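J.: Requesting a structural model of the entry that follows:
(4 chains, ligands or ions: 4)
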Amino acid sequence: MSETRNEQLAVLESMVRIRRVEERLAELFTQGNIPGFIHVSIGQEAVAAGVCSGLGPGDSVLTTHRGHGHAVAKGIELRRFMAEIYGRQNGFCKGRGGSMHVADRNVGVVGANGIVGGGLPIALGTALASQYRGEKTVTVCFFGDGASNEGTFHEALNIAALWSLPVVFCCENNSWAQFTPQSSYMKVTSVAQRAAGYGMPGTCVDGSDVTQVRAAAREAVERARSGGGPTLLECKVLRWQGHYVGDAQKYRAPDDVKEARTHDPIRSYAEVLGAAKVLEPGDLEKIEQCVKAEIDDAVAFAAASPMADPADLLTDVYA
Amino acid sequence: MSETRNEQLAVLESMVRIRRVEERLAELFTQGNIPGFIHVSIGQEAVAAGVCSGLGPGDSVLTTHRGHGHAVAKGIELRRFMAEIYGRQNGFCKGRGGSMHVADRNVGVVGANGIVGGGLPIALGTALASQYRGEKTVTVCFFGDGASNEGTFHEALNIAALWSLPVVFCCENNSWAQFTPQSSYMKVTSVAQRAAGYGMPGTCVDGSDVTQVRAAAREAVERARSGGGPTLLECKVLRWQGHYVGDAQKYRAPDDVKEARTHDPIRSYAEVLGAAKVLEPGDLEKIEQCVKAEIDDAVAFAAASPMADPADLLTDVYA
Amino acid sequence: MMRETRYIKAINEALSEEMARDENVFVVGEDVGGAGGAFSATRDLLARFGPRRVRDTPISEAAIVGIATGAALRGLRPVAEIMFADFLTLAMDQIVNQLAKARYMFGGMYTMPVVIRAPCGAGLHAGPQHSQSLEAWFAHVPGLKVVMPATPHDVKGLLKSAIRDDNPVLFLENKALYAMKGEIPDGEYLVPIGKAEVKRPGKDVTVVATSRMVHESLEAARILAASGIDVEVLDLRTITPLDREAILQSVARTGRLVVAHEAVKAFGVGAEIVAMVCEERPALLRAPPARVGAPFVPVPFAQEKLYLPAAADVVRAVQGVVSA
Amino acid sequence: MMRETRYIKAINEALSEEMARDENVFVVGEDVGGAGGAFSATRDLLARFGPRRVRDTPISEAAIVGIATGAALRGLRPVAEIMFADFLTLAMDQIVNQLAKARYMFGGMYTMPVVIRAPCGAGLHAGPQHSQSLEAWFAHVPGLKVVMPATPHDVKGLLKSAIRDDNPVLFLENKALYAMKGEIPDGEYLVPIGKAEVKRPGKDVTVVATSRMVHESLEAARILAASGIDVEVLDLRTITPLDREAILQSVARTGRLVVAHEAVKAFGVGAEIVAMVCEERPALLRAPPARVGAPFVPVPFAQEKLYLPAAADVVRAVQGVVSA
Ligand SMILES: Cc1ncc(C[n+]2csc(CCOP(=O)(O)OP(=O)(O)O)c2C)c(N)n1
Ligand SMILES: Cc1ncc(C[n+]2csc(CCOP(=O)(O)OP(=O)(O)O)c2C)c(N)n1
Ligand SMILES: [Mg+2]
Ligand SMILES: [Mg+2]
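T.: Ligands and ions are numbered 1, 2, ... in the order given. Got it, this is the predicted structure:
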């Protein structure tokens, strides 16, 4: 594949942005600035950045409780994103959704979802709309390995294959569902192998390696875009942190956490790009600075946004 | 396998009993003696008779809207079975369930179910009870190919495999779901191939050949009974009749119906047994006579049973 | 000009007209295509509009609603069919947590023009899992509209309005009414969502009725007329948004209130109507109100007649209220 | 002897005691095993009773209820946990069409001793899909019992009763109360299902309250006492079977009725209670009744305080009723 240097740097920057956004969210949450729960995807950034790097603004992304990375990679405006997580009136959802429901239809972030597996049936509809209108747009639906055991997974994959819908089902298999290890919720260890039962191609890649993710996603997106139907794309990743910020992971062996943290998609990719002389000395620092400025700005915006008042709260139930 | 003549004749008799029971039900329904709907399994008798021939009274069977065959093969008492379908107070369910809800816990007919796919999660529980108590009993859960697209199928198979539950999921794949052909509801044509996605063995047999059904069922039941876990057993069958009695099948090519009726599990098995000199001249007539007498008796019992009165109707909501 | 049609045919006409009018409208559900629907609501639509707009699905109720939700998020106007209202239970997350909340939860970013059609009610001996009336659940869910038409005229006009509505509408048809005949106008017409209708004016007592119980209440009114009791029958037509004005105005005229629905009486829609009147305008009532509904029992297979609320129950309730 | 414990700990004790008492009792649900539950309700149960009786499941809510139903059909006594009451939507068919109807539909052949525990309610900023109070749905379903305990004392005694009950019990805990402390007896005790309790006697007005609103109502009573209004707070504790006697007796004493719950007011449990009193014993009421409940809006993420019914709303409702 012939890639420009800029594309590669943009992918690296996207991963860095996700990492820093979530680190900041964790910090702000711990300080008490953010209500509710925050689920970070730290360590899993290559999936969001890699998959979304192949999408355009007309493409749709559906995500989950662990969805900041996907939204950020798809280009959500950080100010109103942050304001939403702060629960403010200027947030994308006017503070009614929070971290688990961020959405920005203008950049194709259809919405995050607090119901595990809840997005998969909806992705059928967004993909159907592309097909219905003869558009060349696609839908990517992210979900976890835990979600792959909900009935909705099954119904959605069957229909997507049957109708040849332009959708990529992207499973981030981090081998945990909340506080429970995978061996306690499924006998198979690969979600991709379920694709065969629907007559759908399934692939599994190392989700810590953004180059692999991008290649597999490109193939799946291309298939969807050209009318070839859906793909189940599994990315094996490692969960660095607890289920949510504040989860001390007492149920998990410390060595497992330590081992997870040796797989750093950002560091690996920076090394690859460095070795290839794509990333030059100073580049990473520039990216970090730029990202930090964006985040500082977004946080300042969020913190300055007003809370909803009682009248705001009663609107938008009906159109 | 070393089989006694009696066993083979019992299987044949079981199929004949199912066929005649359902023919009679269709007739009685058409005459207006039975309220509601009647879904017959005519042409599919080898599955019920074959699978249930390997079960004991302590084993559990869950079935569906098309469940007369399974109940009869499992040994349900015909009088109260018929009275239930008539909607009478002496029926197994006091006339509250009808054809779609026949049950007799004493012979392990846990219950039929009007919800497509509704029995699969329940089968986990009945099978778990066997495991919990250290019993060597098993559960067989019957369902259709249409049901294999409900989310419950997926959740149930995953958990059964994970917990190594003593259950056989028996799919009667007749390639129709109500008025819709299989090509309109799934891309794959074999349900058994979905088993791999759960780490469960899956087999597919000709469900019109009772010998094949019995062999595959014996293996699956044996596996379950000995702690080896669940099996997905698919039996390919042909639907001779409409979805329910009175369905003229306008949506179906007449040739398809004609072709289906060339696969007669009863005639084929009778031929096999005849060729092997197991079935001797006059045997089939004796079976038919005996079955007819049973059915006449059951119908007479049902017709003579009272309807529930208003007070009866309000009991049993709570224990 | 008026002409006679059946309730089920009126539904079919509404679908056909709206699909012809708006390219964004499509239907999706089990057996809706080649078979024309389990009850023929979608008959001939496949032939007329093709498989792009008339979509047979697998038996996957949650996915059916998900398809509708996702398509609406992208601007289409899906009409989903759930074959029996009892099977809405398989799609409750998609209906309640996804579809109904999408607009509010995403800050007004989306409109959600989805119709979910589902036949409810007993009367066909379809048994405990195919006969329920569950409207009270959905009336309790902010973001949904709930409609229950009682006549061929209303079912057509309301379905067309539902399809044009920018909100999720749960459209509960009564399968015991499918074969019913009634007059409808020849040309196009709409019946507004949220408006009850006086189906029979009367001065002694208001019977607020829904769906099949409208007809039982009209029958009760005929019976009671013989003993000099003049019953007003108010057909609610829409459960949410509830037409409080129409209810209060009618009770203001009659001074007495009976609510009649087929669903289980306890915690049903009737409770809200009675409570609303007693809370807001108790002075209107010259006698305590009464409710007619099913007993607290699943719908039995055989003895539906003993179970189902009917004209006689309305008669009894009205007599009680009038003599109080 | 009394001792102090938290609501969540009281649940844990009830589970532990009942599992020790009866070998047929087991718990099943997401994260209930190794993790001891998302909210710690099942802490240490795995260590004490082993994996046979404390069963972690995949994220498969319909299957969790199916497991419980099937096990009960064969004589076990499962206690299923659904992590948030909002996820009951994913198991509605299994709860409503299977579990709740099994005994009736099969002619009384089975008893169905199943408990489904689920945390309901808002207050943790968990957002629109993790904060609902859906008890009104389940109260409308024949075959289910619905319990909503408000205190550590009641949650323990009621959970033990629910586990011993031969019927399906939906046990709705309030997650905003999990950390709440209260006194419970040292030894074993049961609180009966179906019995409301006067949590504060008063003579001017009856406030029938459920779950968290019991505490808000007690707070309102304290506030109102200052202005000479003596409020009786009746903690409903069980939604179905509804303790009609206790409600009517209390209203007979006070002559006035307010119902307070956290769920959306429209078509909520309050409607049934108001309707029941107005229908059956209207003469008891010296003033029109009033309901306190949430507005007709999904639960917002951030501004829960503006949304949630609280003591001030009860105060306002009581003042309205008393001055009417
Ligand atoms: C229907 C439903 N069940 C349970 C939960 C609670 N829950 C939230 S996240 C989660 C684990 C999800 O695991 P997975 O899908 O693997 O995603 P991950 O958190 O690992 O990214 C659970 C059980 C939920 N939100 N929705
Ligand atoms: C949840 C649910 N959806 C739809 C139906 C309506 N329905 C009854 S039988 C049937 C077809 C079932 O097909 P399959 O599972 O293949 O069984 P078969 O009838 O072929 O034996 C349908 C759609 C139902 N009863 N329950
Ligand atoms: Mg995971
Ligand atoms: Mg079939």
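J.: And the residue of the stretch 101-250 of chain A closest to ligand 3?
T.: Scanning the stretch 101-250 of chain A for proximity to ligand 3 using CB to the ion identifies A:Gly144 as nearest, at 3.6 Å. To be clear about C-beta, it is placed using only N, CA and C from the backbone, and glycine gets the same treatment.
J.: Next, the contact list for C:Val315, please.
T.: Taking CB atoms under 8 Å, 6 or more residues apart in numbering or on different chains as the definition of contact, the neighbours of C:Val315 are C:Ala220, C:Ile223, C:Leu224.
J.: any chance of these in a markdown table, plus secondary structure and neighbour count?
T.: A markdown table is the format used below for the contacts of C:Val315 (DSSP: H, G, I helix; E, B strand; the rest coil; neighbours: other CB atoms under 10 Å in any protein chain shown):
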| residue | secondary structure | neighbour count |
| --- | --- | --- |
| C:Ala220 | helix | 29 |
| C:Ile223 | helix | 16 |
| C:Leu224 | helix | 22 |
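J.: ok, which stretches of the stretch 151-300 of chain A are strands?
T.: A:167-173, A:176-177, A:180-181, A:202-206, A:231-236 (DSSP state E, counting those that start in this stretch).
J.: Using TSV, lay out these together with distance to D:Gly66, mean neighbour count and mean pLDDT.
T.: Output for these, formatted as TSV (distance: least, CB to CB, whole Å; neighbours: other CB atoms under 10 Å in any protein chain shown; pLDDT from 0 to 100):
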stretch	distance to D:Gly66	mean neighbour count	mean pLDDT
strand A:167-173	24	29	99
strand A:176-177	19	24	98
strand A:180-181	19	19	97
strand A:202-206	27	19	98
strand A:231-236	26	27	98
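J.: and of these, who's closest to ligand 1?
T.: In this view, the strands of the stretch 151-300 of chain A are compared for proximity to ligand 1 by CB to the nearest ligand atom, and strand A:176-177 is the closest at 3.5 Å.
J.: any bit of that closest one sitting next to chain B?
T.: No: using CB under 8 Å from any CB of the partner chain, no contact is recorded between strand A:176-177 and chain B, whose separation bottoms out at 12.4 Å.
J.: touching chain D at all, that strand?
T.: Yes: looking at strand A:176-177 against chain D by CB under 8 Å from any CB, the contacts come from A:Ala177.
J.: Same question for stretch C:281-293.
T.: Yes: contact between stretch C:281-293 and chain D, assessed by CB under 8 Å from any CB, occurs at C:Pro282, C:Pro288, C:Pro289, C:Ala290, C:Arg291.
J.: And whatever helix or strand C:Leu218 lives in, what does it pack against?
T.: C:Leu218 is part of helix C:212-226 when elements are defined by DSSP states H and E. Helix C:212-226 makes packing contacts with strand C:197-200, strand C:205-209, strand C:231-235, strand C:257-264, helix C:311-322 when contacts are defined by 3 or more CB pairs under 8 Å, 6 or more residues apart in numbering or on different chains; DSSP states H and E.
J.: what is the orientation angle of it with strand C:231-235?
T.: 170 degrees (axes from the mean of the first three to the mean of the last three CA atoms, to 10 degrees).
J.: now helix C:212-226 against strand C:205-209, angle please.
T.: Between the axes of helix C:212-226 and strand C:205-209, defined by the same axes, to 10 degrees, the angle is 160 degrees.
J.: still on that earlier bit, I'd like the strands of the stretch 151-300 of chain A laid out as CSV, including distance to ligand 4.
T.: As requested, those are arranged in CSV below (distance: least, CB to the ion, whole Å):
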stretch, distance to ligand 4
strand A:167-173, 26
strand A:176-177, 33
strand A:180-181, 35
strand A:202-206, 26
strand A:231-236, 25
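J.: In contact with the spatially most central residue of chain A, which residues?
T.: Central residue of chain A (CA atoms, centre = their mean): A:His70, 2.8 Å from the mean position. Shown here is A:His70, whose contacts under the criterion CB under 8 Å, 6+ apart are A:Ala48, A:Val51, A:Cys52, A:Val61, A:Thr63, A:Val109, A:Ala112, A:Phe142.
J.: Cool, thanks, talk later.
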